[in-house]
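**Student:** Got a sequence here, can you model it:
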Amino acid sequence: MDKKQGLFRFEPLLSLLLIIVIAALAYLPLAGQLGICCDAWHIIRTAESIGVDALPDLFTSDRPAVGWLYWFNYQVQGDSLTTWSVFTLMYRLLGVICFWWILRMLWPRRRLATTLMALLFTVYPGFLKMPDAITYQVMMIVLAVALLSIALSLKAYQVSSRGTRILLLAVSALMGVGYLLTVEFFLGLEGLRFLLLWYQRYQAHRGEKFVRQSVQALARFSLFLAVDVIYLIWRLFFFQSRRVATDTGLLFAQYRDTPVLLLKSLAGWFQDVFSVTVGGWVVPLAGFLAGSGLLDLFFSVLLGAVAAGLFVAFARWLERSTPLKEREDLQEDPAWCRDVLVLGILAVLVLLMPTSLVGRTISFDASMVMGWDRYSLLPALGAVMVVVAILYRLRGHAMRLGLALLLIGASLVTHYQNASRYGDAWTEVRSLFWQLSWRAPQLAPGTVLIASFPDANTISESYHIGFPALLVYYPEDVVPQLTSQVINNGTADEIVLQGSNTEWTRTQNIPGIPGIVRDYSQALVVVLPRPGVCVHVIDGNAPLIPTGSDPLVRDIAPTSNIDQILVDAPFHVPPETIFGSELEHDWCYYYQSASLAAQRQDWEQVIQLGDEARSLGLTPNDVSEWWPFIQAYLYGGDLETALDYAEIIRSDSRFQFELCTSPGILDESLPVEDLALFYANFCR
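**Tutor:** Next up is the predicted model:
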């Protein structure tokens with residue numbers, strides 16, 4: 001036996017090692033830059049301000065067991081964001097290993113094919129939520145438990161010992177109960193379990209009639225069917241969901257009242273089959289490449305090339321090391337390809353069914369928050385079978401391997417670009433709160449913080465702003481002292497009308513936490529207009545809108561109450577464990593400090609800050625940010641210097657128009673002659 005064939009006995013370990021290394025290349029390069037996103041703010045705000053023991057209450061409205069998982073995970077991982085990313089990947093890999101085990105039980109000699117299936121599932125590019133590690137860690141845990149449960153049920157019918165079989169089935173059933181009680185739309189995995197049990201028996205009794213095959217497979221599935229029926233009875237008739245998206249009673253009522261909705265769901269179901277099996281490999285990648293910078297593109301392609309290189313090295317080694325009688329991966333077998341293709345398509349269908357029935361249609365859009373790509377993870381189990389079956393129908397090992405490398409490389413490119421997008425969004429959120437802490441020492445109780453970002457997809461829910469603001473300004477208050485709102489077509493009118501309403505978040509599931517009342521007469525509008533520009537706090541009495549702002553900002557700007565900033569209160573600093581170390585004191589630090597001093601009418605302090613910034617060679621990327629310094633020179637009686645800086649601002653014609661058509665921007669306490677001369681020169 002030569003050395004290469006001697007290593008062949010370690011092939012399973014090498015196969016798994018390959019998957020683990022490529023997973024690390026896909027998900028860890030930017031792990032330290034990802035930060036907090038989306039529903040993770042519920043977890044962080046609750047744990048940090050209310051207490052870790054309150055986490056189980058967060059999900060009592062729809063998924064009671066989820067809260068206990070978060071409670072346990074927070075005890076272990078704390079508030080280290082990188083740790084959450086690493087653990088989430090670890091749980092994802094545990095699920096992948098269980099999937100790999102399932103595939104090896106079904107096709108033990110298809111080593112390269114099963115490795116490729118497991119690897120493609122690991123890096124499936126249609127599921128884009130891995131950077132949101134805190135939110136989706138529970139999903140990875142539950143998936144690992146579910147796949148282990150399925151693997152044990154398959155293993156039970158491979159062992160000869162009756163006692164061992166009973167034990168494996170019992171453990172598998174208990175795990176089935178556990179994962180179903182945690183995430184309801186994972187019920188489709190029970191359909192996958194039945195398909196695999198049927199196929200496992202079919203492999204051993206290919207000559208039997210279909211009806212007998214199905215009856216015997218159903219007998220194997222009977223224990224799990226009983227578990228599923230009991231679960232459905234509890235979920236449908238006893239559990240009362242207080243969340244619309246998981247309220248099955250409301251769903252059935254909608255289908256009863258509007259039967260056409262069922263046809264729409266069926267159409268979406270079949271559309272999603274195409275989305276998962278084809279669109280997931282192409283659509284996200286095309287979207288990312290259209291907006292990618294050269295540096296991100298270079299690093300993502302480099303990672304993709306490394307991953308593809310590792311796989312081709314493994315494939316070549318496996319080809320040389322596998323004994324001749326076991327080289328099924330190199331042999332064309334249309335029957336095997338047909339089996340895998342049919343099994344894969346059926347798996348996609350059953351795994352999509354629960355989400356399709358509630359109207360969740362998979363989409364691969366730019367929204368980190370509302371993008372329904374998250375529902376593509378489960379059906380990806382079947383999608384990778386379909387893809388590999390098609391690859392193995394191609395003539396020529398080289399073409400098959402080349403297309404596999406293309407899929408692996410493109411997936412790595414997609415995940416790096418996706419992580420970069422999350423990193424950019426976190427940079428914006430982090431920048432907003434550090435700059436706001438320089439500009440606003442404290443926000444008055446009852447403030448409604450309204451924020452606008454350059455990318456509308458950075459946030460989509462009000463608490464994505466409100467909860468981080470509470471961690472900065474009221475970190476120890478259990479009852480929220482301020483609230484927030486996003487800016488969109490649906491909220492602009494209610495903000496302008498200055499009414500009030502009550503915001504619902506998961507924290508209202510915690511006993512003693514009331515609904516958060518928004519009173520828009522206490523609104524404060526802050527704008528981060530575009531990358532590289534400072535945060536602008538809008539004064540509704542004299543609203544100056546920075547260039548590049550969302551057009552809706554102009555409509556709501558007059559509602560912004562600058563007095564919500566308590567200028568003489570002690571400064572509140574964002575906690576570094578959440579927001580990272582303080583940002584560098586660049587131009588934006590001086591601009592925010594000067595704007596605060598201007599609100600205090602401390603014009604000497606403004607001029608001093610301007611002189612210090614200039615001595616450091618700092619200048620703004622938006623010329624409108626010279627405005628507080630121009631005000632200081634005007635109020636300080638230095639009209640000549642004010643006009644010199646005003647000449648710079650005139651290069652921004654839109655901002656010039658804003659100033660020249662907005663009476664009251666400058667206080668009438670200025671000497672009439674100076675005021676007239678300034679406007680005459682600036683507005684000419």
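**Student:** Quick check: phi and psi on Val527?
**Tutor:** In terms of degrees, to the nearest 10, the main-chain angles of Val527 are phi -130, psi 130.
**Student:** Would you agree it is in contact with Ser549?
**Tutor:** Yes: Val527 is within contact range of Ser549, at 5.2 Å (criterion: CB atoms under 8 Å). In this view, the C-beta of every residue, glycine as well, is placed from N, C-alpha and C.
**Student:** what do those two both touch?
**Tutor:** Ser452, His536 (CB atoms under 8 Å, 6 or more residues apart in numbering).
**Student:** Of these two, which one has the most company?
**Tutor:** Neighbour tally, Val527 and Ser549, criterion other CB atoms under 10 Å: the higher count belongs to Val527, 26 against 21.
**Student:** Quickly list what that one is bridged to.
**Tutor:** Beta bridges link Val527 to Ser452, His536 when assigned by DSSP bridges.
**Student:** which residues does it contact?
**Tutor:** Residues counted as contacts of Val527 (CB under 8 Å, 6+ apart) are Ala451, Ser452, Val535, His536, Ile538, Ile545, Pro546, Ser549, Asp550, Val553.
**Student:** Any chance of JSON lines for these, columns pLDDT and distance to Leu266?
**Tutor:** Shown next, in JSON lines, are these (pLDDT from 0 to 100; distance: CB to CB, whole Å):
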{"residue": "Ala451", "pLDDT": "91", "distance to Leu266": "40"}
{"residue": "Ser452", "pLDDT": "89", "distance to Leu266": "40"}
{"residue": "Val535", "pLDDT": "94", "distance to Leu266": "47"}
{"residue": "His536", "pLDDT": "94", "distance to Leu266": "49"}
{"residue": "Ile538", "pLDDT": "92", "distance to Leu266": "48"}
{"residue": "Ile545", "pLDDT": "86", "distance to Leu266": "47"}
{"residue": "Pro546", "pLDDT": "85", "distance to Leu266": "48"}
{"residue": "Ser549", "pLDDT": "85", "distance to Leu266": "43"}
{"residue": "Asp550", "pLDDT": "86", "distance to Leu266": "38"}
{"residue": "Val553", "pLDDT": "89", "distance to Leu266": "42"}
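**Student:** Closest one of those residues to Tyr473?
**Tutor:** Ala451 (13.8 Å; CB to CB).
**Student:** Give me the distance between the closest one and Thr483.
**Tutor:** 12 Å (CB to CB, to the nearest Å).
**Student:** ranges for the strands of the stretch 351-500 of the chain?
**Tutor:** Using DSSP state E, counting those that start in this stretch, the strands of the stretch 351-500 of the chain run over 448-452, 483-486, 500-503.
**Student:** Show me what the second one is packed against.
**Tutor:** Contacts defined by 3 or more CB pairs under 8 Å, 6 or more residues apart in numbering; DSSP states H and E place strand 483-486 against strand 448-452, helix 463-473, strand 516-519.
**Student:** Next: the first one.
**Tutor:** Of the remaining helices and strands, those touching strand 448-452 by 3+ CB pairs under 8 Å, 6+ apart are helix 463-473, strand 483-486, strand 523-527, helix 551-556.
**Student:** mind putting these in JSON lines, distance to Gln203 included?
**Tutor:** Formatted as JSON lines, the helices and strands packed on strand 448-452 follow (distance: least, CB to CB, whole Å):
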{"stretch": "helix 463-473", "distance to Gln203": "49"}
{"stretch": "strand 483-486", "distance to Gln203": "53"}
{"stretch": "strand 523-527", "distance to Gln203": "62"}
{"stretch": "helix 551-556", "distance to Gln203": "60"}
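**Student:** Which stretch among the ones you listed approaches Gln601 most closely?
**Tutor:** Closest among those, once you apply CB to CB, is strand 523-527, at 19.1 Å.
**Student:** What's the mean pLDDT across the helix or strand hosting Ala173?
**Tutor:** According to DSSP states H and E, Ala173 maps onto helix 162-182. Average pLDDT, helix 162-182: 94.
**Student:** What is whichever helix or strand comes after that helix packed up against?
**Tutor:** Tracing the chain C-terminally past helix 162-182 and defining elements by DSSP H and E, one meets helix 188-204 next. Judged by 3+ CB pairs under 8 Å, 6+ apart, helix 188-204 is in contact with helix 81-106, helix 133-156, helix 162-182, helix 210-233, helix 334-357.
**Student:** Need the winner for burial among these.
**Tutor:** The highest average neighbour count among the helices and strands packed on helix 188-204, using mean count of other CB atoms under 10 Å, belongs to helix 133-156 at a mean of 23.
**Student:** Give me the distance between that one and the centre of its chain.
**Tutor:** Computed by CA atoms, centre = their mean, to the nearest Å, the chain-centroid distance of helix 133-156 equals 20 Å.
**Student:** Report the angle between it and helix 210-233.
**Tutor:** 140 degrees (axes from the mean of the first three to the mean of the last three CA atoms, to 10 degrees).
**Student:** mean confidence score for helix 133-156?
**Tutor:** Mean pLDDT, helix 133-156: 96.
**Student:** May I have it exported as CSV, CA atoms only?
**Tutor:** This file holds the C-alpha atoms of helix 133-156, laid out as CSV (Å, rounded to 0.1, in the frame of the first residue of the first chain):
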residue,chain,number,x,y,z
ALA,A,133,-24.8,36.3,13.9
ILE,A,134,-26.8,37.2,17.1
THR,A,135,-30.2,37.0,15.4
TYR,A,136,-29.6,33.8,13.4
GLN,A,137,-27.5,31.8,15.9
VAL,A,138,-30.6,30.1,17.2
MET,A,139,-31.6,29.1,13.7
MET,A,140,-28.2,27.4,13.2
ILE,A,141,-28.6,25.5,16.5
VAL,A,142,-32.1,24.3,15.7
LEU,A,143,-31.0,23.3,12.2
ALA,A,144,-28.1,21.2,13.7
VAL,A,145,-30.5,19.5,16.1
ALA,A,146,-33.0,18.8,13.4
LEU,A,147,-30.4,17.3,11.0
LEU,A,148,-28.9,15.2,13.8
SER,A,149,-32.4,14.0,14.6
ILE,A,150,-32.9,12.9,11.0
ALA,A,151,-29.4,11.3,10.8
LEU,A,152,-30.2,9.3,13.9
SER,A,153,-33.5,8.1,12.5
LEU,A,154,-31.7,6.9,9.4
LYS,A,155,-28.9,5.3,11.4
ALA,A,156,-31.5,3.4,13.5
